[in-house]
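J.: no sequence for this one, just the structure:
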Ligand code: SF4
């Protein structure tokens with residue numbers, strides 16, 4: 001199996017915390033779409049021969065700015081050049097203000113079968129502060145429109161650790177989510193990325209970020225509440241009803257090859273990683289010259305080991321020591337086992353079937369710390 005990721009680099013406005021690649025004007029959209037079409041053709045042999053694509057993911061940026069016709073034409077080309085499974089998960093990231101009744105019907109008609117809706121909070125005060133383009137009324141109506149259009153596979157994003165998000169606010173957001181009867185939630189702890197407007201505001205003390213203990217209480221409530229609602233906590237930030245886990249996420253965490261297209265997109269052919277320049281002009285010029293914009297990431301084995309530790313430890317499957325040994329050697333496996341001993345003794349992790357190192361509840365609270373302690377090199 002394999003995946004395809006398409007990066008749509010346009011947004012209506014810049015959210016204060018965001019460090020993804022995007023521009024806030026649409027005048028390059030036509031040129032981008034022509035370049036993307038060309039790139040789909042140029043990348044047709046990127047994936048290992050014969051691999052069937054079981055997930056297509058429109059990320060960004062704001063892919064919901066695309067029209068039905070634009071989405072259909074991209075998907076038609078993907079079907080033409082790749083072997084796409086008839087039951088492939090096809091996800092579109094959306095901002096709630098884009099999901100009108102008409103657009104939701106268009107998304108489903110184009111072939112999209114999963115919507116990822118960036119709600120973030122059901123309080124307007126938080127949305128305004130984050131400079132989101134939508135308000136809470138639009139969040140509710142987006143979900144209604146998506147369901148009425150026929151979407152059954154919907155996921156929502158919520159953020160905790162926000163400035164001024166009280167524990168009561170967070171409980172309200174999660175309870176509101178539960179009432180919406182959506183089968184998947186991605187709940188992220190706000191991170192202050194360098195260079196963002198949020199990081200400047202924090203540095204100038206115009207915004208107070210809640211302390212770690214308080215954020216931990218929000219995370220604790222999140223885990224308890226989602227479990228009580230019958231969701232599986234299958235990755236630190238991801239919760240799904242049984243059978244509704246994201247195929248796209250799974251492929252990424254478990255090293256399945258994927259072709260990334262669009263400026264700033266990353267790709268993995270099963271052996272090597274590549275990235276497109278996160279710069280529209282460079283991306284357009286390269287593709288318009290009939291060349292792939294893919295830059296090979298020259299990573300050493302230590303980077304690969306650390307990536308596997310970082311990504312897998314967040315999942316409910318954990319790190320398979322057998323797989324780790326097979327990939328990186330028995331010496332490295334023994335070294336990882338040795339570094340894990342302390343966390344196993346303190347009950348932050350468990351070892352199941354003498355093979356899988358998995359974070360338990362206590363370990364999830366300090367997942368980033370444990371990950372850093374397990375890193376090689
Ligand atoms: S809509 Fe998404 S990609 Fe665009 S600025 Fe906001 S968080 Fe970033």
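T.: Sure, I can see it. It should be emphasised that the depicted structure is a prediction, and the values quoted were computed from it without experimental measurement.

J.: Near residue 299, how many other residues are there?
T.: Using other C-beta atoms under 10 Å, residue 299 is surrounded by 12 other residues. C-beta: built from backbone N, CA, C; applies to glycine.

J.: Shouldn't it be within a strand?
T.: No - counting by DSSP: H, G, I helix; E, B strand; the rest coil, residue 299 falls outside a strand, being coil.

J.: wait, it sits on residue 274?
T.: No - with contacts defined as C-beta atoms under 8 Å, residue 299 does not count as touching residue 274, sitting 10.9 Å away.

J.: residue boundaries of the helices in the stretch 51-200 of the chain?
T.: Ranges of helices in the stretch 51-200 of the chain, per DSSP state H, counting those that start in this stretch, are 68-81, 101-110, 124-129, 136-149, 167-179, 197-203.

J.: how's the protein carved up into domains?
T.: 2-253, 301-374 (automatic domain parsing).

J.: On the pLDDT front, check the nearest residue to residue 46 once chain neighbours are set aside for me.
T.: Once flanking residues are discounted, residue 46 sits nearest to residue 259: 4.6 Å by C-beta to C-beta, 6 or more residues apart in numbering. On pLDDT, residue 259 comes in at 97.

J.: give me the number of residues near residue 259?
T.: Residue 259 has 29 nearby residues by other C-beta under 10 Å.

J.: which residues touch the residue in the stretch 251-377 of the chain that the ligand sits nearest to?
T.: Residue of the stretch 251-377 of the chain nearest the ligand, by C-beta to the nearest ligand atom: residue 264 (10.7 Å). By C-beta atoms under 8 Å, 6 or more residues apart in numbering, the residues touching residue 264 are 7, 9, 20-21, 275-279.

J.: Strands - which of the residues you listed land there?
T.: In strands, judged by DSSP state E, the following of those are found: 7, 275.

J.: Need the winner for burial among the domains of the chain.
T.: domain 2-253 (a mean of 18; mean count of other C-beta atoms under 10 Å).

J.: now do the same end-to-end measure for that one.
T.: End-to-end distance of domain 2-253 (C-alpha to C-alpha, to the nearest Å): 12 Å.

J.: same deal with stretch 253-264?
T.: Using C-alpha to C-alpha, the two ends of stretch 253-264 sit 19 Å apart.

J.: Okay, buried residues for that stretch please.
T.: 253, 255-264 (16 or more other C-beta atoms under 10 Å).

J.: I'd like the distance from it to the chain centre, please.
T.: Relative to the chain's own centre, stretch 253-264 is displaced by 12 Å; criterion: C-alpha atoms, centre = their mean, to the nearest Å.

J.: And stretch 297-306, by the same measure?
T.: Using C-alpha atoms, centre = their mean, the offset of stretch 297-306 from its chain centre is 21 Å.

J.: So for that stretch, first residue to last residue, what's the gap.
T.: Stretch 297-306: ends 15 Å apart by C-alpha to C-alpha.

J.: From the rest of the structure, what touches it?
T.: 272-275, 324, 327-328, 332, 375-377.

J.: who are the neighbours in contact with the residue of the stretch 151-300 of the chain found nearest the ligand?
T.: Minimum separation of the stretch 151-300 of the chain from the ligand (C-beta to the nearest ligand atom) falls at residue 157, amounting to 9.0 Å. Applying C-beta under 8 Å, 6+ apart to residue 157 gives the contacts 116-120, 185-188.

J.: which residues sit in contact with the residue of the stretch 101-250 of the chain found nearest the ligand?
T.: Using C-beta to the nearest ligand atom, the closest approach of the stretch 101-250 of the chain to the ligand is made by residue 118 at 6.0 Å. Residue 118 makes contacts with 93-96, 132, 156-157, as judged by C-beta under 8 Å, 6+ apart.

J.: now do residue 20
T.: 60-61, 264.

J.: Show me what the mean pLDDT comes to for stretch 166-183.
T.: 98.

J.: Residue numbers of this structure in contact with the ligand?
T.: 11, 14-15, 18, 20, 22, 60-62, 95 (C-beta under 6 Å from any ligand atom).

J.: cutoff 8 Å now
T.: Counting by C-beta under 8 Å from any ligand atom, the residues of the chain lying close to the ligand are 11-15, 17-20, 22, 24, 60-62, 93, 95, 118, 131-133.

J.: Ramachandran angles for the nearest residue to residue 293 once chain neighbours are set aside?
T.: Residue nearest to residue 293 in three dimensions, not counting chain neighbours: residue 286, with 4.1 Å by C-beta to C-beta, 6+ apart. When read as degrees, to the nearest 10, the backbone of residue 286 gives phi -70, psi -50.
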